[in-house]
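Visitor: For reference, the sequence and a predicted model appear below.
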Amino acid sequence: MLRTSTGEYKWISFIDGSHLWLPLPPLPEPKIGPACAVADGKLYMIGGSQGERLCRSVWAFDPRFNSWQSVAPMKVAREFAAAGVLAGQIHVLGGCIPSSSVHASASWAETYNPHTNEWTSIPSPPEKRYKWFHGSAVLQNKLFAVADMGGIVYDPLHSTWDSIPCNLDAGWRGRAAVVNDILFSCNNLGKLFGYNLQEDTWLEVQGWQKDVPKVASCAMLTNVGGKLYVLWEIPKSGWETKLALAALEISKGPNQFKGNVLWSHTISCSNLVSATIHSASLAL
């Protein structure tokens with residue numbers, strides 16, 4: 001999902017194998033700060049805000065019909081929430097008033113079942129709650145969510161809540177993707193790092209930038225069929241804006257990860273892009 005210089009929010013799709021870029025239909029309710037998740041073959045846009053009003057609404061994009069559908073709203077309105085899919089259900093954390101306020105929500109965490117179209121509140125310890133999250137990912141069957149300072153790990157199988165490891169918090173910048181149980185994140189200098197939970201270490205992904213256009217800022221990351229897809233804005237030359245997408249095969253080396261570029265592709269945007277907001281993989 002992209003935000004244009006005119007303030008519009010748009011999804012564009014990249015068709016793997018054909019290298020085609022196609023726009024998705026406009027979002028029925030363009031909002032700021034929605035969470036994003038893919039479940040049951042659909043792309044979900046969850047909550048967000050319109051002006052100063054937080055929203056409970058949820059929209060699902062079905063690629064079979066190339067259309068958005070409204071599904072059951074959440075129990076609580078929220079923006080900048082964390083979201084992840086575990087056991088086929090969408091889990092959403094935060095984005096609403098946390099425990100420090102008298103208006104704190106008992107539904108700070110919720111789960112959505114795509115088959116029954118129902119939301120269910122998840123009990124959560126008040127002392128573990130955050131208001132906003134800037135990143136989330138599912139790693140080893142747990143939902144990891146990072147806030148401005150600190151973060152939380154939710155294990156739905158055992159109904160436990162823990163703080164994220166300090167080293168993970170220190171290196172996690174923006175959006176992340178998990179490939180082969182390694183969490184990857186790109187910092188604001190365009191450097192890509194992978195985090196190993198068992199070893200509690202970050203290692204840089206080396207060797208890939210020499211084969212692609214310059215990466216000068218944070219990038220969007222997505223797991224597509226076990227490959228790491230990296231999407232970023234190429235530094236502007238004049239008024240033209242270009243996006244680049246690269247598919248990386250990741251291997252482990254001594255004290256580093258090796259990124260082998262399988263292919264890369266660029267697209268020119270007619271309307272200047274001011275930010276990339278979300279990326280997701282959707283299988284047909």
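Guide: Right, received. Where do you want to start?
Visitor: Quick one: residues contacting the closest residue to residue 218 other than its chain neighbours.
Guide: Leaving aside its chain neighbours, residue 218 sits nearest to residue 174 (4.6 Å; criterion: Cβ to Cβ, 6 or more residues apart in numbering). The way it works is simple: take the backbone N, C-alpha and C, and place the C-beta from them, glycine included. Applying Cβ atoms under 8 Å, 6 or more residues apart in numbering to residue 174 gives the contacts 134-135, 185-186, 188, 218.
Visitor: change it to 7 Å
Guide: 134-135, 185-186, 218 (Cβ atoms under 7 Å, 6 or more residues apart in numbering).
Visitor: Would you list the buried entries among the residues you listed?
Guide: Buried by 16 or more other Cβ atoms under 10 Å: 135, 185-186, 218, out of the contacts of residue 174.
Visitor: So which of those belong to strands?
Guide: 135, 185-186 (DSSP state E).
Visitor: With pLDDT and distance to residue 108 as extra columns, can I get those in CSV?
Guide: Converted to CSV, these look like this (pLDDT from 0 to 100; distance: Cβ to Cβ, whole Å):
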residue, pLDDT, distance to residue 108
135, 90, 18
185, 94, 25
186, 90, 29
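Visitor: For residue 212, state which of the residues you listed is nearest.
Guide: residue 186 (12.7 Å; Cβ to Cβ).
Visitor: my guess is that closest one meets residue 219, correct?
Guide: Yes: Residue 186 lies in contact with residue 219 (Cβ atoms under 7 Å); the separation is 4.3 Å.
Visitor: Dihedrals phi and psi, residue 144?
Guide: phi -100, psi 130 (degrees, to the nearest 10).
Visitor: Looking at the contacts of residue 174, spot the one nearest residue 113.
Guide: residue 135 (24.5 Å).
Visitor: Which strand residues bridge the nearest residue to the closest one once chain neighbours are set aside?
Guide: With sequence-adjacent residues excluded and distances taken as Cβ to Cβ, 6+ apart, residue 135 is closest to residue 146, at 4.7 Å. Residue 146 has these beta-bridge partners by DSSP bridges: residue 135, residue 151.
Visitor: ok, residue 146 - contacts?
Guide: 133-135, 164, 169, 172 are the contacts of residue 146 under Cβ under 7 Å, 6+ apart.
Visitor: coming back round to it: please identify which of the ones in strands among the buried ones among the contacts of residue 174 is nearest to residue 202.
Guide: Using Cβ to Cβ, these come closest to residue 202 at residue 185, 8.3 Å.
Visitor: So that closest one sits against residue 191, correct?
Guide: No: if you go by Cβ under 7 Å, residue 185 and residue 191 don't touch, sitting 9.6 Å apart.
Visitor: closest to residue 224 among the contacts of residue 174?
Guide: residue 186 (16.0 Å).
Visitor: re the thing from before, what is the nearest of the contacts of residue 174 to residue 229?
Guide: Nearest to residue 229, judged by Cβ to Cβ, of these is residue 186 at 11.9 Å.
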